[in-house]
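Colleague: Below is the sequence, then the predicted model.
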Amino acid sequence: MAAASSSDSDCGRAESAQLFPSSPSNEASSKWLDAHYDPVANIHTFSSCLALADLHGDGEYKLVVGDLGPGGQHPRLKVLKGPTVLTESPLPALPAAAATFLMEQHEPRTPALALASGPCVYVYKNLRPYFKFSLPQLPPNPLEQDLWNQAKEDRIDPLTLKEMLEGIREKAEVPLSVQSLRFLQLELREMEAFVSQHKSKSIKRQTVITTMTTLKKNLADEDAVSCLVLGTENKELLVLDPEAFIILAKMSLPSVPVFLDVSGQFDVEFRLAAACRNGNIYILRRDSKRPKYCIELSAQPVGLVRVHKVLVVGSTQDSLHGFTHKGKKLWTVQMPAAILTMNLLEQHSRGLQAVMAGLANGEVRIYRDKTLLNVIRTPDAVTSLCFGRYGREDNTLIMTTRGGGLIIKILKRTAVFVEGGGEAGPPPAQALKLNVPRKTRLYVDQTLREREAGTAMHRTFQTDLYLLRLRTARAYVQALESSLNPVSVTAREPLKLHAVDWRDSDGYGTRKKTVCFSNCGQPGG
Amino acid sequence: MTKLRSFRRHCLLPRTQFPASAESQKPRLKKAQEFPILEKQNWLIHLHYIRKDYEACKAVIKEQLQETQGLCEYAIYVQALIFRLEGNIQESLELFQTCAVLSPQCADNLKQVARSLFLLGKHKAAIEVYNEAAKLNQTDWEICHNLGVCYIYLKQFKKAQEQLHNALHLNRHDLTYIMLGKIHLLEGDLDKAIEIYKKAVEFSPENTELLTTLGLLYLQLGIYQKAFEHLGNALTYDPTNYKAILAAGSMMQTHGDFDVALTKYRVVACAVPESPPLWNNIGMCFFGKKKYVAAISCLKRANYLAPFDWKILYNLGLVHLTMQQYASAFHFLSAAINFQPKMGELYMLLAVALTNLEDPENAKRAYAEAIRLDKCNPLVNLNYAVLLYNQGEKQGALAQYQEMEKKVHLLQDSSSLEFDAEMVDMAQKLGAALQVGEALVWTKPVKDTKSKHRTTSTSKAASLQQPLGSNQALGQAMSSAAAYGKLPSGAGGTSHLTKPPSLPLEPQPTVEAHPNEASAQIREK
């Protein structure tokens, strides 16, 4: 990373600021160089809104952040170069996803930036607004349309309209428009005004984008033209043409997509995995309009990453699962804390692909299949992650934290991930000594005494016990005779116990004695 | 950028206008003419929800609900989910019902209503709603599964099984297997339960809960090889699994690997320091290692943590007998008998204690009770015979001796159970003293040689049975009682004679380990 390494002062500041991520001794053995840490970078975002790209075609990779702003109030598009913010512009609505992709074959081959937000995709070139794609309106319910048309011509009174609309809502396949839903909420007296105000409008149904990713169009090359793949709130997946922005393909899902993963090329063959809100992951192929395979997780997915041919899914049950592309479960790894975000780590020089998972306990864990390669401890829980070329440095890890901090780390060129780099062997607790209660000298003495005079002790005890019982009985009889017997608050317990005690005395020693024990405690209370 | 900016204004309108009064709202609405998209921020709500960032989630939900005047179904849905997580089940139920009103065709809403009902303990009502939901979605395993669980709570096991099998048919999930296995356990059908768990492990070979349960079931059935295999697998995947460690540790104890078991227990001691079975097992490990004081400390801690557990009291009694603290042993044993009056061996130990406390009358009674309760343990009769012999009642001793012989024959025929060398030795001596020796001697030596062969040659299972620890305990008893050779005379002879009973106890710690998790009823069986 040119920016960070050239300005030494900057590095120094960063290092002094981070006493926590790794102690100096750790630093040497760590695989990562700490390039930058700013705890107050004010970046609040998701992994899906981070993208790295050479936006200006100058070989200097920038970081694009679709920032939701603190509390999701001031969405901004930020472009970072090194540790500094290059440009910052306000966004019309919260960004759901950011992606960079090549739109056409022409030189210079600078990638465009796509930002999905609400029902639109905003496309930027050279960081200038270039195109705005809006999702097409959804077809309204014909019956509903019909009713509003009637209302327009005043052939129907508001009350009937309401009844009819309610009827549609009960059983219709196509949901009602917002206008109708609003209308159904109204009081009787407000209806008239509402109808007259809105009847001339055509009813609309609009959906929004929930997730977005890119898919190579017809070449597998690194710098091939890509299509945008959108997931929408009305349970559809759309593939957009990168030049004309027309919908090339439309697929429907049983639920709303949350995370997408695509491999292959649109014109040849592709595989699309969509993690959905119902906790299932659907896998589609090029020719399938409907999902071909379904993975049921029985928990919500929190991330979806494909490593070579294995789909790695993080679930809300704090575990990572590996699945084949046909939906067969391969393995499960339990995490020590809740997973907040996941992304792919790809080290081209060594041909390594691994999964990074940011956990709620402030760790970032890197797994290849089910083996832990590396654990990075961060001062705050990492909420978004991204790995790739940044500046001029090939292997850079960018993390943003829950508190809005930004952490940039560079993978050392000598670093090799080996299995067992994380934790291996027996759990650390096994090395701790057992906390066995100590016994005193007195205890030992008493033990010896009991050995010597056990029989005598036993007899004394038994005698005392009989005496105690006798006294108890006497006191009891006396109480009965003088009508001073205690009235039990709980009605049955004390009196009943005495009776049991005496009847039991014809048993053998064992039972007699044990009952006595319980008796000893009871008379007092 | 102009395009974008104008869009921004649009978007902000409803937000800013909301706090304004109703009058100012109306004229503006006319101009705006736009209703906000209801689902605009569903994706954000969902992302916050799966990250378990409930505060942020609630903030977005609140905003969204204000903006849409409570029409956004997903916001309500997630709010209800959060309520439920926070324990406000009644509120969640009401909100889910609202969702069901907003979109009555959605099976998911009904499922959640039913789930909340289920959590409120209204199983019948939940079943009704689930049935309703099943009408809307016939291929949902979750509905079938949950119906099955509801029926379990209503004790309608037949129906529950049917529903759970349906669920498995639709889609296989570990949870369904676990529930199905539970039904069989509740019905007391171990074999069927094992069958189910076997299938489950086949389906999901890395689920430690399944592996552990299956291991424990095998342990209960005495199939030690398989039990150890499954428990070992569970520990491979999760080296800190509490149940598996305890069970595996107890098996190691039976083998005499006390040090290995203790190392394993350290992990548990760190994770669950207040577990009574853990401290019981640790105590018995020390007992096996002849560290009696440590054993007593640990057992006393276990007893402190679970004062009503008769097994811990039993072990305490045993250790105190070994320590020749007969008076203490007496108290622990009589307490154990109070909690578990149906176990012959307890009475036998009590009798041993009483014999040593020079109370032969009560000892005889205890023996009689032990014989009444325990129909197959020859030790009881042997000990009784020794006592009678020492008391000069040769006739009675002979009768008990013959009784013991019968039991030995039975055991020999039915199982591969081995007899402790100590016991065999004692029996031979007693036989000689009673002058029935010549006739009897053949039984034991034959058996003895046989058993020796077995231990060396046959499977582990057989050797497992041999309680190593007990031998050590015996050895200790021997050394303390010097007049070993002189059977017939004096109380001293009895004291060591009677000690052999500690043998049968040894297997105890093994059994001890699991009852807590594998539920005690199996023991009862």
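Modeller: It's in. Numbers count the residues shown, from 1 in each chain, chains lettered A, B, ... in the order given.

Colleague: Below-threshold pLDDT in the chain: ranges please.
Modeller: As the question left the chain open, I've gone with chain A. Chain A contains residues with pLDDT under 70 at A:1-29, A:172, A:419-427, A:429, A:484-525.

Colleague: look at chain B instead
Modeller: For chain B, applying pLDDT under 70 flags the ranges B:1-34, B:415-418, B:436-525.

Colleague: Give the burial count for residue A:84, as a bare number.
Modeller: Using other Cβ atoms under 10 Å in any protein chain shown, residue A:84 has 12 neighbouring residues. C-beta coordinates here come from the backbone N, C-alpha and C atoms, glycine included.

Colleague: Could you give the bridge partners of it?
Modeller: Following DSSP bridges, residue A:84 is listed with bridge partners residue A:81.

Colleague: again, but for the one 5 residues further on
Modeller: On the basis of DSSP bridges, residue A:89 is bridged to residue A:77.

Colleague: mind checking how far it is from residue A:73?
Modeller: Residue A:89 sits 16 Å away from residue A:73, going by Cβ to Cβ, to the nearest Å.

Colleague: Same question for residue B:431.
Modeller: Using Cβ to Cβ, we find residue B:431 at a distance of 93 Å from residue A:73.

Colleague: Residue B:290 too?
Modeller: The spacing between residue B:290 and residue A:73, counted by Cβ to Cβ, is 70 Å.

Colleague: How about residue B:315?
Modeller: Using Cβ to Cβ, residue B:315 is found at 64 Å from residue A:73.

Colleague: ditto for residue B:103
Modeller: Distance of residue B:103 to residue A:73, given as Cβ to Cβ: 30 Å.

Colleague: for residue B:137, same thing?
Modeller: In terms of Cβ to Cβ, residue B:137 sits 38 Å off from residue A:73.

Colleague: These two: who's more crowded?
Modeller: A direct count of neighbours by other Cβ under 10 Å for residue B:137 and residue A:73 places residue B:137 higher, at 15 against 12.

Colleague: Alpha carbons of the longest helix that chain B contains, as CSV, please.
Modeller: Counting by DSSP state H, the longest helix found in chain B is helix B:394-414. The C-alpha coordinates for helix B:394-414 follow below in CSV (Å, rounded to 0.1, in the frame of the first residue of the first chain):
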residue,chain,number,x,y,z
LYS,B,394,-22.3,-72.6,61.0
GLN,B,395,-25.7,-73.8,59.7
GLY,B,396,-26.7,-70.3,58.6
ALA,B,397,-23.3,-69.8,57.0
LEU,B,398,-23.6,-73.0,55.1
ALA,B,399,-27.0,-72.0,53.8
GLN,B,400,-25.7,-68.6,52.6
TYR,B,401,-22.7,-70.3,51.1
GLN,B,402,-24.8,-72.6,49.1
GLU,B,403,-27.0,-69.7,48.0
MET,B,404,-23.9,-68.0,46.8
GLU,B,405,-22.9,-71.0,44.8
LYS,B,406,-26.2,-71.0,43.1
LYS,B,407,-25.8,-67.4,42.1
VAL,B,408,-22.3,-67.9,40.9
HIS,B,409,-23.5,-70.7,38.6
LEU,B,410,-26.3,-68.5,37.3
LEU,B,411,-23.9,-65.7,36.6
GLN,B,412,-21.5,-68.1,35.0
ASP,B,413,-24.1,-69.4,32.6
SER,B,414,-25.7,-66.1,31.7
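
Colleague: And that helix, what does it pack against?
Modeller: Identification of packing neighbours for helix B:394-414 by 3 or more Cβ pairs under 8 Å, 6 or more residues apart in numbering or on different chains; DSSP states H and E yields helix B:378-390, helix B:421-434, helix B:443-457.

Colleague: Pick out the residue of the stretch 1-150 of chain A closest to chain B.
Modeller: Chain B sits closest to residue A:92 of the stretch 1-150 of chain A, with a gap of 3.7 Å, by Cβ to the nearest Cβ.

Colleague: Just to be sure, residue A:52 is in a strand?
Modeller: Yes: assessed with DSSP: H, G, I helix; E, B strand; the rest coil, residue A:52 lies in a strand.

Colleague: Excluding covalently adjacent residues, which one is nearest to it?
Modeller: residue A:388 (4.4 Å; Cβ to Cβ, 6 or more residues apart in numbering or on different chains).

Colleague: partners of the one you found in the sheet?
Modeller: In this entry, residue A:388 is beta-bridged to residue A:396, by DSSP bridges.

Colleague: contacting residues for it?
Modeller: A:52, A:61, A:346, A:395, A:396 (Cβ atoms under 8 Å, 6 or more residues apart in numbering or on different chains).
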